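Colleague: need a 3D model of the sequence below.
(chains A and B)
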Amino acid sequence: MTKAHAYRHLILFIMAAVAVMALPILLQMTGSNSWVRILDIALLYVLLALGLNIVVGYAGLLDLGYIAFFAVGGYLFAMLGSSHLSDTFPAFAAMFPAGIHLSIWLVMLLAAAVAGLVGMLLGAPTLKLRGDYLAIVTLGFGEIIRIFLLNMDRPINITNGPKGISQIDSISVFGLDLGKRLTIGDFTFQPVTLYYYLFLFFVVLAVIISYRLERSRIGRAWMAVREDEIAAKAMGLNTRNLKLMAFGMGATFGGVSGVLFASFQRFVSPESFSLMESVMVVAMVVLGGIGHIPGVILGALLLAGLPELLRHVAHPLTAMTDGRLAPEILRQLLIALAMIIVMLLRPKGLWPAPEHGKSLNK
Amino acid sequence: MDTLLQQVINGLVLGSMYALVALGYTMVYGIIGLINFAHGDVLMVGALTSWTIIVGMQESSPNMPGWLMLIVATLIAMVVAAVLNYTIEKLAYRPLRNSPRLAPLITAIGMSILLQTLAMIIWKPNPKSYPSVLSSEPIQIGGAVISVTQVTILATTAITLALLMWLVNRTNLGRAMRATAENPRVAALMGIKPDVVISATFIIGAMLAAIAGVMWASNYGTVQHAMGFMPGLKAFVAAVMGGIGNLAGAVVGGIALGLIESLGAGYLGKLTGGVLGSQYTDIFAFIVLAIVLTVRPSGLLGERVADRA
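Modeller: You can find the predicted model right below:
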């Protein structure tokens, strides 16, 4: 790369960074928080998609129950950051009169660790399975976790069942409560905007980690397993540990985004962790370009953002069709059509990696 | 003892519906290696179509006998489902036959969402009660009760399975299907047209799903756009459990799963002292699946295929 080239790249990069930083402020000026909210949710999906990309894209393990780790993170934060446990267990209330309410960074580490552990535990029984069998078993595990969350309100109320856990703490970063408005000079940052920057920070972190992993010894070993497990084994790779590591690593991303989600919504219920959500994340990874970081980000932004955008301009259509094309239905219709049409036109994804391994490309 | 017999009957009824759906999955998977995620939604379309027909016939000709209405509705549902599945295969799966492995899977998932959404638009999202056209007089067998609908379900399943076995084992089409499943390229060299065989497979699978859909609706009494999801998922689990690609395996897996769920739902509460109740029924399928696949990674009746590089 010549010096002039590098210079141009730097300028482009700075421009993109400024645009990304300024985006929520501009959207906030429209007077409504809903656009920034859509961005926030899209960023969470980016985080999830990057995590799943480690499992599906790098290691080639099709995981259809990925949302379970999102749920683990979400519920972990919900229990630590709300009064639910003290309300239901007198002993707990006696032990921690004010609830636990740990620092956000501690909870993040904890959620990453717990989700990673659950990821490895759920991954362990699937090690021998291949391809579609693996997909269906992971799907089953995802459903099992959701059904437990749904029903563990009796005989002992641990998860509060279908009602979910509400009044979860908002996140405080270095003493700054993101749940409250922040006024600097004349400008007021809405909570959604503050959360945007927090999520952006984690997305950037996730991109850096993914990028470093991809080029590390482990990353190359994962791709070797993906391309040909038997050959990888013959080369002396410990495929069992590698697969467990991929499950664990992917799950940590899910756990962290779960914490962010719980604190952002301040409410979790089993409904947010349905199979449909797992499927959506897989679709984002595959639609964007499996195993390719920019592609995965694009896929997540498109599938999370576009249907919401179109939904906002669809009100006349709803009125015209006597409510049959309600916004929620229209959104689902668009997602389905996007999945089918993109795959038919570009089976390798919208922005595939320049050089794919053979098993992804075949 | 009576509860045991009752749960076994319920399990067989549930299992025979799973088996019919599982056959559709397993035939498609055996031939093109695709998990047809939209299969459960074909069942839903079949059930909703038959609902429209029966409700329409009850209004236009109230004196028609119930069983005749059910037969007419089932036949029309089968035709609609067959046309639908044929179209889906032709438009959405055929162009992707040689694409990366995940592309057709995502298309199939997209198709499943699309069918549910379209059903929501056509039939509206609210659950509708399915008219019971057969006699509701229960039949007593040794302390257990079985409804006329359930007897009909068992009998229809038996007849359908016999017809399918005849089709697959005794006809030219069946031979072509088996040959294509074995090795599509060699089959093509022998003069079999793979596209025709694949279309036929989708059509047969859709008809079985439509029959199961009508059964499901009659047995549970409601129809809705999302009704195909769980039966589809469980039937796929049954197909994998029996060894995917294997027709007998799908039937064995389906009936086994039906029995496990029904007995589990009946006894889980007693066994765990009320800690876990029948609301956990839905997880049996997945736990059994994980166990079966750990012990026999290719399913109960599946062939062990050596790893090929």
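
Colleague: please count neighbours and contacts with C-alpha atoms only from this point.
Modeller: Noted.

Colleague: give the contact list for residue 182.
Modeller: Looking at chain A here, since you left the chain open. A:188-191 (CA atoms under 8 Å, 6 or more residues apart in numbering or on different chains).

Colleague: should've been chain B
Modeller: B:I31.

Colleague: and A:V342, what's its pLDDT?
Modeller: Confidence at A:V342, expressed as pLDDT, is 89.

Colleague: meant to ask about A:A234
Modeller: In this model, A:A234 carries a pLDDT of 94.

Colleague: again, but for A:A98
Modeller: The score at A:A98 is 67. That number is its pLDDT.

Colleague: can you check A:K243 too?
Modeller: Confidence for A:K243, expressed as pLDDT, is 95.

Colleague: can the host helix or strand of it be said to contact chain B?
Modeller: A:K243 belongs to helix A:239-265 when elements are defined using DSSP states H and E. No: Helix A:239-265 lies out of reach of chain B by CA under 8 Å from any CA of the partner chain, never closer than 14.7 Å.

Colleague: contact partners for residue 115?
Modeller: Since you didn't name a chain, this refers to chain A. By CA under 8 Å, 6+ apart, the contact set of A:A115 is A:69, A:72-73, A:248, A:251-252, A:254-255.

Colleague: please go with chain B instead
Modeller: Contacts for B:L115 (CA under 8 Å, 6+ apart) come out as B:38, B:41-42.

Colleague: can you check A:G142 too?
Modeller: By CA under 8 Å, 6+ apart, the residues touching A:G142 are A:64-68, A:275.

Colleague: same thing with A:L39?
Modeller: Residues near A:L39 by CA under 8 Å, 6+ apart: A:24, A:196, A:305.

Colleague: from the contact counts, what lies against the helix or strand containing the second one?
Modeller: Using DSSP H and E, A:Y196 maps to helix A:191-214. If you count contacts as 3 or more CA pairs under 8 Å, 6 or more residues apart in numbering or on different chains; DSSP states H and E, helix A:191-214 packs onto helix A:3-28, helix A:34-52, helix A:239-265, helix A:293-312.

Colleague: what about 10 Å?
Modeller: On a contact count with 3 or more CA pairs under 10 Å, 6 or more residues apart in numbering or on different chains; DSSP states H and E, helix A:191-214 meets helix A:3-28, helix A:34-52, strand A:176-177, strand A:182-184, helix A:217-227, helix A:239-265, helix A:293-312.

Colleague: neighbouring contacts of the helix or strand just after the longest one?
Modeller: Stepping forward along the backbone from helix A:239-265, the first helix or strand reached (DSSP H and E) is strand A:267-268. Outside of strand A:267-268, the residues that reach it under the criterion CA atoms under 10 Å, 6 or more residues apart in numbering or on different chains are A:71, A:74-75, A:77-78, A:82, A:159, A:162-169, A:258, A:261-262.

Colleague: let's see that with 6 Å instead.
Modeller: When contacts are defined by CA atoms under 6 Å, 6 or more residues apart in numbering or on different chains, strand A:267-268 is touched by residues A:164-166, A:262.

Colleague: return the set of buried residues in the helix holding A:Y196.
Modeller: In terms of neighbour count (16 or more other CA atoms under 10 Å in any protein chain shown), helix A:191-214 has its buried residues at A:191-200, A:202-203, A:206-207, A:210, A:213-214.

Colleague: tell me the average confidence for that helix?
Modeller: Across helix A:191-214, the average pLDDT comes to 94.

Colleague: angle of that helix against helix A:239-265?
Modeller: With axes from the mean of the first three to the mean of the last three CA atoms, to 10 degrees defining the directions, helix A:191-214 sits at 170 degrees from helix A:239-265.

Colleague: export only the CA atoms of helix A:191-214, formatted as CSV.
Modeller: Extracted C-alpha coordinates of helix A:191-214, given in CSV (Å, rounded to 0.1, in the frame of the first residue of the first chain):
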residue,chain,number,x,y,z
PRO,A,191,-30.8,7.7,27.5
VAL,A,192,-31.2,5.8,24.2
THR,A,193,-28.3,7.9,22.8
LEU,A,194,-26.1,7.2,25.8
TYR,A,195,-26.9,3.5,25.4
TYR,A,196,-26.0,3.8,21.7
TYR,A,197,-22.4,4.8,22.6
LEU,A,198,-22.1,2.0,25.2
PHE,A,199,-23.3,-0.6,22.6
LEU,A,200,-21.0,0.9,20.0
PHE,A,201,-18.1,0.5,22.4
PHE,A,202,-18.9,-3.2,22.8
VAL,A,203,-19.4,-3.7,19.1
VAL,A,204,-16.0,-2.2,18.4
LEU,A,205,-14.5,-4.4,21.1
ALA,A,206,-16.2,-7.4,19.6
VAL,A,207,-15.0,-6.6,16.1
ILE,A,208,-11.4,-6.3,17.4
ILE,A,209,-11.7,-9.6,19.3
SER,A,210,-13.2,-11.3,16.2
TYR,A,211,-10.5,-9.9,13.9
ARG,A,212,-7.7,-11.0,16.2
LEU,A,213,-9.2,-14.4,16.7
GLU,A,214,-9.6,-14.9,13.0
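
Colleague: of the contacts of B:L115, which belong to helices?
Modeller: B:41-42 (DSSP state H).

Colleague: related to what we said a few turns ago, can you put the helices and strands packed on helix A:191-214 in JSON lines and add distance to B:G245?
Modeller: Output for these, formatted as JSON lines (distance: least, CA to CA, whole Å):
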{"stretch": "helix A:3-28", "distance to B:G245": "50"}
{"stretch": "helix A:34-52", "distance to B:G245": "29"}
{"stretch": "strand A:176-177", "distance to B:G245": "56"}
{"stretch": "strand A:182-184", "distance to B:G245": "60"}
{"stretch": "helix A:217-227", "distance to B:G245": "24"}
{"stretch": "helix A:239-265", "distance to B:G245": "27"}
{"stretch": "helix A:293-312", "distance to B:G245": "33"}
